[in-house]
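A.B. asks: Please work out how this folds:
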Amino acid sequence: MMWLSEIWRYPIKSCGGESLDQTELDPFGLQGDRRWMLIDQYNRMVTQRQHPKMGLIRVKTQQAEGLNIPPGLVVSAPGFKDLAIQLPNQASVVEVGIWQDSCQAWLADFTVHQWFSDFLGQAVRLVWFPDSGQRQIDLNYAKVGEQVAFADGFPLLLTSQASLDDLNQRLSKPIEMIRFRPNLVVSGCQAFDEDRHQQLRIGSKRFILAKPCSRCAIPSLDPKTALKQTEVSRALAYRQAEAGVLFGQNLCYAPDLHQRLKIESVVIRLGDEICWSD
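C.D. replies: Below you'll find the model as predicted:
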């Protein structure tokens, strides 16, 4: 039997994650996942690729699950006082760039920008992806109207515990799954089974395994220290393919689930049974 063993949400792109027991799905992925993002002076995304210290920023949502209200946040970082962040309004809208895409976002307050700028040592601003936001998923993998917020390209990222175990056998000290920043972790399958199938079900919810995830240097960053561990990058070389170093699978909603989300609440929980459904 395979089951859902971890659920992770990352409210601010490239900052710390929240481990969840259950969560609702929304048209963009897990409710509240990567709806916030830091941008630079050119309105381009800022991530751990430029600022490894972002991984030290802890983020907690301020609301209970399932209320269908976009969450406010509390952020914390070493040496800094906790900061409460409220949802911005549409008074200040900016066009932001994320990879090759651009979309509209709402700016947070100046005091919020200052907190992040002081911690990172660079002028940055925090933006929110509104419910009305439009960012089309790559049409090579999705249909017109399927959206993603500030995730790199897809609503969800899936990894498997067996795949991490396989990698850890090649390391002097095992690493944790959080390095790969998945939303969903499956247990009970074989290593890299996720690369051998086209669809999966979590309970009655059906997902498309759209494409393997090509990894950057972020998995080599220790989330506790923000220091780079080159051993991890060297070990991952066995996952090198033409498209890059592959670990995990990007997910889209199957058409029936995409439609279902428009009319009812859909929840996933730890322990939900998972099966491949090609």
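A.B. asks: Now do the helices in this structure.
C.D. replies: 110-120, 161-168, 230-235, 255-260 (DSSP state H).
A.B. asks: Which positions in the first one come out as buried?
C.D. replies: What that stands for is helix 110-120. Within helix 110-120, the residues scored as buried using 16 or more other CB atoms under 10 Å are 112-113, 115-116, 119-120. Where C-beta positions appear, they are placed from N, C-alpha and C, glycine not excepted.
A.B. asks: Closest to I12 out of those?
C.D. replies: I12 has its nearest neighbour among these in F116, at 9.0 Å by CB to CB.
A.B. asks: Take the helices of the chain and write them to CSV, including mean pLDDT and distance to L209.
C.D. replies: Converted to CSV, those look like this (pLDDT from 0 to 100; distance: least, CB to CB, whole Å):
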stretch, mean pLDDT, distance to L209
helix 110-120, 97, 34
helix 161-168, 97, 13
helix 230-235, 94, 24
helix 255-260, 91, 14
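A.B. asks: ok, back up a step: want to throw the buried residues of helix 110-120 into a markdown table with distance to F129?
C.D. replies: Formatted as a markdown table, those follow (distance: CB to CB, whole Å):
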| residue | distance to F129 |
| --- | --- |
| V112 | 15 |
| H113 | 17 |
| W115 | 20 |
| F116 | 17 |
| F119 | 22 |
| L120 | 20 |
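A.B. asks: mind listing the strands for the stretch 151-278 of the chain?
C.D. replies: Taking DSSP state E, counting those that start in this stretch as the test, the strands found in the stretch 151-278 of the chain are 156-160, 184-187, 199-202, 205-214, 240-241, 244-253, 267-269, 273-276.
A.B. asks: Out of those strands, which one sits most buried?
C.D. replies: Among the strands of the stretch 151-278 of the chain, strand 156-160 has the highest mean neighbour count (mean count of other CB atoms under 10 Å), at a mean of 24.
A.B. asks: For it, output the C-alpha coordinates as PDB.
C.D. replies: Output in PDB follows, covering the C-alpha atoms of strand 156-160 (Å, rounded to 0.1, in the frame of the first residue of the first chain):
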ATOM      1  CA  LEU A 156       2.100  20.700  -6.900                       C
ATOM      2  CA  LEU A 157       5.400  18.900  -6.600                       C
ATOM      3  CA  LEU A 158       5.500  15.200  -5.600                       C
ATOM      4  CA  THR A 159       8.500  13.200  -4.200                       C
ATOM      5  CA  SER A 160       8.800   9.700  -2.700                       C
END
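A.B. asks: contact partners of it?
C.D. replies: Residues from elsewhere that reach strand 156-160 (CB atoms under 8 Å, 6 or more residues apart in numbering): 29-30, 151, 177, 180-187, 189, 191-194, 200, 207, 209, 213, 247-252.
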